[in-house]
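**Q** here's a sequence, model it:
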Amino acid sequence: MGADLPEQAAHGLPAEDAELVDLLTAVLVDPNLHTDRQMRLHHEISAVLRAIQRDLYGESGGESRYQAIEADTRELPDLLTTVLVDPNLHSDLRMRIHRDIRTILSGVQAQREG
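**A** Here you go, the predicted structure:
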């Protein structure tokens, strides 16, 4: 029972979710990412995760749940992981998280390259 399934990554997440968490982590630790851009990135991704919580738990329930998660874990990759392991997160919302966060991160990468 000690071995994870092949599709499970070190985070205890399915491989695709773990890849998204790792991608976010890599961007955040990039020494070339300016502090103001890092803060904006945190704000943008937090907004995505907050919207997911509202969609799952309603306007007030989602906001209070997100605030509890945020108070528990200040690190953005941890916030993302907590949302991804929510048993109520269904496939459509999971795909939306992946799409929205990858779009945000690709914008960061494009700015660094351009």
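**Q** any buried residues in stretch 18-35, and which?
**A** For stretch 18-35, burial by neighbour count (16 or more other Cβ atoms under 10 Å) applies to Ala18, Leu20, Val21, Leu23, Leu24, Val27, Leu28. Glycine gets a C-beta too; all of them are placed from N, C-alpha and C.
**Q** off-centre distance for the helix or strand where Gln67 lies?
**A** For Gln67, the host element (DSSP states H and E) is helix 59-72. In terms of Cα atoms, centre = their mean, to the nearest Å, the centre of helix 59-72 is set 15 Å apart from its chain centre.
**Q** what pLDDT, on average, does it get?
**A** What helix 59-72 shows for mean pLDDT is 79.
**Q** contacts only, for the residue positioned nearest the centre of the chain.
**A** For the chain, the residue sitting closest to the mean C-alpha position, by Cα atoms, centre = their mean, is Leu80 at 3.0 Å. Residues counted as contacts of Leu80 (Cβ atoms under 8 Å, 6 or more residues apart in numbering) are Leu20, Val21, Leu24, Ile45, Leu49, Ile97, Ile101.
**Q** thank you, goodbye.
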